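Trainee: Curious how this folds, go ahead:
(chains A and B)
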Protein chains: 2
Amino acid sequence: MIKHVVIFNWHPEVTTEQVAALQQNLEAFATTLEGCIEYAVGANAGFCEGTADFAVVATFETEEAWRTYFEHPDHRRIVVEQIGPMAASRLATQIRH
Amino acid sequence: MIKHVVIFNWHPEVTTEQVAALQQNLEAFATTLEGCIEYAVGANAGFCEGTADFAVVATFETEEAWRTYFEHPDHRRIVVEQIGPMAASRLATQIRH
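Mentor: Below is the predicted model:
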């Protein structure tokens, strides 16, 4: 299986409404995907200092299923229109698990 | 449930042996934990450019189970003795899922 992992810090002016709208769009999009076993997305739970604002952890059956997600027009639109203006910093990777 | 998500980029001189030893230690430690439902850890699968070197995605039943992990002496030792010298950059967060 493949875990797609992304962590963001938002610009200071980003609102909770923008974050909620992003989470809603990502979750709705994820339900349309084949081979996406789990899609966990959300804001920092607030357990400790020095942690980032938001994370996406998506589990895919295959690399192909991940690539369909990653290159999908709806995903690109969310990245360009929502995440792009919001993100101050981002780290992402995919690992086999 | 709680997802603990961490992404790293290593210093250029870090070796694959160091990364393998870290992964082994983390996985062995995770097997000793109560309330840790899944522990996925690994190096970048190499699917695309511009992605980070390594990620940990751990799923815990409760915040308490996460905190036991996070504050455990064995975890602190791995963080200080292995990850500290290896990591050039790091983002981490915990999300409710």
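Trainee: Every contact and neighbour count from this point should use C-alpha atoms.
Mentor: Will do.
Trainee: Put the alpha carbons of stretch A:26-35 into CSV.
Mentor: Extracted as CSV, the C-alpha positions of stretch A:26-35 are listed here (Å, rounded to 0.1, in the frame of the first residue of the first chain):
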residue,chain,number,x,y,z
LEU,A,26,-10.8,17.1,-0.3
GLU,A,27,-13.1,14.7,1.6
ALA,A,28,-15.8,14.9,-1.1
PHE,A,29,-13.2,14.4,-3.8
ALA,A,30,-11.7,11.4,-2.0
THR,A,31,-15.1,9.6,-2.0
THR,A,32,-15.0,9.5,-5.8
LEU,A,33,-11.6,7.7,-6.0
GLU,A,34,-11.1,4.0,-6.7
GLY,A,35,-8.3,2.3,-4.7
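Trainee: from what I can see, A:Phe47 looks like it's in a strand, true?
Mentor: No: A:Phe47 is assigned coil when assessed by DSSP: H, G, I helix; E, B strand; the rest coil, not a strand.
Trainee: quick one: which helix or strand includes the most centrally placed residue in chain A?
Mentor: Nearest residue to the geometric centre of chain A (C-alpha atoms, centre = their mean): A:Val56, 3.6 Å. Using DSSP states H and E, A:Val56 sits in strand A:54-60.
Trainee: Give the pairing partners of that strand; include direction for each.
Mentor: strand A:2-10 (antiparallel), strand A:36-43 (antiparallel) (DSSP bridges).
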